[in-house]
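Peer 1: got a predicted model here, sequence first, then my questions.
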Amino acid sequence: MDFVLCTAGFVLCLLYDWNSVRPVCKIFGSFFALGCACLAAGTAALLWYSRDALLPVRTGSLFALAGVVIALAGLVYTLFFALPFSATYVQQSTGRKAYTEGIYALCRHPGVLWLGLAYLCLAFALGTGRSWAFFAAILGMDIGYVVFQDLWTFPKTFCNYEQYRQTTPFLWPTAASIGRCIHTLRGGT
């Protein structure tokens, strides 16, 4: 059930993106939130199936779980607070510009880094074959999703996306992008 819910979550997010470019139905506008909820429910199911792996509590597991919490906080910040929320998730106007500062100066899809780190730490905490397979599946689906966004959705959504592509790496930060990220987080432009 955990894999099914997470797969459904990514499908819902893809449909949200598709609808944001080629509107099909107004209800698809809520699919990103529903996709996130499915991902959370799938993760809760993984934890339920793997609950025996967390007991007895080990020091290493506690550190790994702390990593999960930190990575999820980074993901929530990246997706919901680092971006102007209304302009990103509510308005569907033409001439929108991709946000290119702060964490988005680091790479074009920093959420993948946080989500991957969260599931990597979770796999370490649980230490089961199922948790490692779950990590690989989630990371693979997330990378597939952002490839779709990078090649299809965002070039059609943001008028400055091609320029953003030329100045900012896809996923793996470079020394220059780390410098730009730090500079813009400090208030530079």
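Peer 2: Okay, I see it. Numbers count the residues shown, from 1 in each chain.
Peer 1: tell me which element residue 170 is part of?
Peer 2: According to DSSP states H and E, residue 170 maps onto no helix or strand at all.
Peer 1: residue 112 is in contact with that one, correct?
Peer 2: No. Using C-beta atoms under 8 Å as the test, residue 170 is too far from residue 112 to be in contact (9.3 Å). C-betas here are computed from N, CA, C, even on glycine.
Peer 1: any idea which element the closest residue to residue 67 other than its chain neighbours lies in?
Peer 2: Using C-beta to C-beta, 6 or more residues apart in numbering and skipping residues adjacent in sequence, the residue nearest residue 67 is residue 121, 3.4 Å away. Using DSSP H and E, residue 121 sits within helix 110-126.
Peer 1: so what touches that helix?
Peer 2: Contact with helix 110-126 is made by 43, 46-47, 50, 53-54, 60-61, 64-65, 67-68, 71-72, 74-75, 78-79, 103-104, 107, 131-132, 134-135, 138-139, 142-143, 146, 171, as judged by C-beta atoms under 8 Å, 6 or more residues apart in numbering.
Peer 1: so which residues of the protein form helices?
Peer 2: For the chain, the helices defined by DSSP state H cover 2-21, 31-49, 59-76, 85, 110-126, 129-148, 154-157, 161-167, 175-185.
Peer 1: out of those helices, nearest to residue 96?
Peer 2: Residue 96 sits nearest to helix 154-157 of all the helices of the chain, at 6.2 Å, using C-beta to C-beta.
Peer 1: can you give me how far that closest one is from the chain middle?
Peer 2: Here helix 154-157 is found 18 Å from its chain centre; the criterion is C-alpha atoms, centre = their mean, to the nearest Å.
Peer 1: I'd say residue 134 and residue 5 touch.
Peer 2: No. Using C-beta under 8 Å, residue 134 makes no contact with residue 5, being 11.0 Å away.
Peer 1: of those two, which one has the most company?
Peer 2: residue 134 (24 against 18; other C-beta atoms under 10 Å).
Peer 1: contacts only, for residue 181.
Peer 2: Residue 181 makes contacts with 102-103, 105-106, 173, as judged by C-beta under 8 Å, 6+ apart.
Peer 1: quick one: which two of those are the most distant?
Peer 2: Longest span within the contacts of residue 181, C-beta to C-beta: 102 and 173, 12.9 Å.
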